[in-house]
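>>> I would like to see how this sequence folds:
(chains A and B)
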Amino acid sequence: MLDFLKNIFTNVDTKALVARIIFAVVLTFVYYLFFFYAKKRNLQLYTYIVTGTLAVLFALSFLVAPQELSVYVYLALGLLAALGLMLFISDINRHIFRLSLKRKVFRDSLADHYGSEDLSKSVAEIVKSCLRLSKTDTGALIVLADHMSDEILDSGIKINSEITAELIETLFFPKTPLHDGAVIITANKVVAAGCYLPLTQAQNLPREFGTRHRAAIGVSAAFPDCTAIVVSEETGIISAMHDGKIKRYLDSRQLQDLLDCAMGLSDESAEERLWGENRQ
Amino acid sequence: MKKKKSVPLSQRIAYFFKHYFVLLLLALGCSVLTVLLVAFCA
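Numbering: from 1, shown residues only, chains lettered A, B, ... in the order given. Model prediction:
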């Protein structure tokens, strides 16, 4: 290896050098992506395994002949890549999905159609309805999103109505046809009710989390800009989910802050403060 | 919904350096090691 390192820039033609540099740039991007996801998922062990393996192989290259080492190098690189893909494929899928979503939101942005007053009024109505539903132990699932997939909207009933506490409470009134699904709020309107959402498959959730909570976590993980509010039918506890993260035991003040954030009434620093720094 | 107020570019860069620059350096180091190992074994 020592001789190889000494001659690396002298005994190599320009084309091979350029190819190696391009290879290194692409690899840097791939490693960075994996390390980035490892940090986000709190799986830094993967980063340590990768750096440790490469360091060991590099140290071995000073002792072992290239022919013998090559098997281990290719095997280790293949295994590390497979492990990285296995661990982070869902994050990669999610990010690609988000990129396509961002373009859509840009294209048909409804952003500036509403003033802060309208949105604040809507927030107040949602808070009011959640508190009343909580008092009566009525289960509820409200999803606030800038954009929601047609598949989810089509699974429920289109409503397209102004946001009022009375409407939300009526939609979740037990034994009515729409009470079992989610109410979707987009562009300052209740767009649909009785919608079915993707359930999370996470195993490490509290025992008291039922289908409603699982649906809220599932949809918040799938849609980056969405915030889901859940009122528990058993306990009346109000929870919020955003980006797969959960906030429980919310009072009216906290709920209002979270809804302000979801409606875009507060800035990004407030979002970081409320939901933590590791936004995806 | 109303558009969120954006964070200034300088703050975004500072945030990146604070949280992710080490990762970038680590990725760069790993990729250089990989290229060297592959070239050595080829």
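>>> make it CA atoms for all contacts and neighbour counts henceforth
Noted.
>>> just checking, A:Ile229 is part of a helix?
No. Secondary structure of A:Ile229 (DSSP: H, G, I helix; E, B strand; the rest coil): strand, not part of a helix.
>>> Look up the closest residue to it, ignoring the ones flanking it.
A:Ala240 (4.5 Å; C-alpha to C-alpha, 6 or more residues apart in numbering or on different chains).
>>> Where do the helices of the stretch 151-280 of chain A begin and end?
Counting by DSSP state H, counting those that start in this stretch, the stretch 151-280 of chain A has helices at residues A:165-171, A:211-222, A:252-262, A:268-275.
>>> Highest mean neighbour count across the ones you listed, which stretch is it?
The highest average neighbour count among the helices of the stretch 151-280 of chain A, using mean count of other C-alpha atoms under 10 Å in any protein chain shown, belongs to helix A:211-222 at a mean of 24.
>>> what's the spacing between that helix and its chain's center?
For helix A:211-222, the separation from the chain centroid amounts to 11 Å (computed by C-alpha atoms, centre = their mean, to the nearest Å).
>>> any idea of the angle it forms with strand A:227-231?
If you take axes from the mean of the first three to the mean of the last three C-alpha atoms, to 10 degrees, helix A:211-222 sits at 170 degrees to strand A:227-231.
>>> Check the average confidence over helix A:211-222, would you?
For helix A:211-222, the mean pLDDT works out to 88.
>>> From the contact counts, what lies against the lengthiest strand in chain A?
Criterion DSSP state E: the longest strand present in chain A is strand A:189-195. Under the contact definition 3 or more C-alpha pairs under 8 Å, 6 or more residues apart in numbering or on different chains; DSSP states H and E, strand A:189-195 sits against helix A:150-154, strand A:157-161, strand A:182-186.
>>> Would you mark the buried spots in the first one?
Think helix A:150-154. Residues A:Ile152, A:Leu153 are the ones in helix A:150-154 that count as buried (16 or more other C-alpha atoms under 10 Å in any protein chain shown).
>>> Ok, the second one next?
By neighbour count with 16+ other C-alpha under 10 Å, strand A:157-161 contains the buried residues A:Lys158, A:Asn160.
>>> Number of residues surrounding B:Phe17?
The local packing of B:Phe17 (other C-alpha atoms under 10 Å in any protein chain shown) involves 13 other residues.
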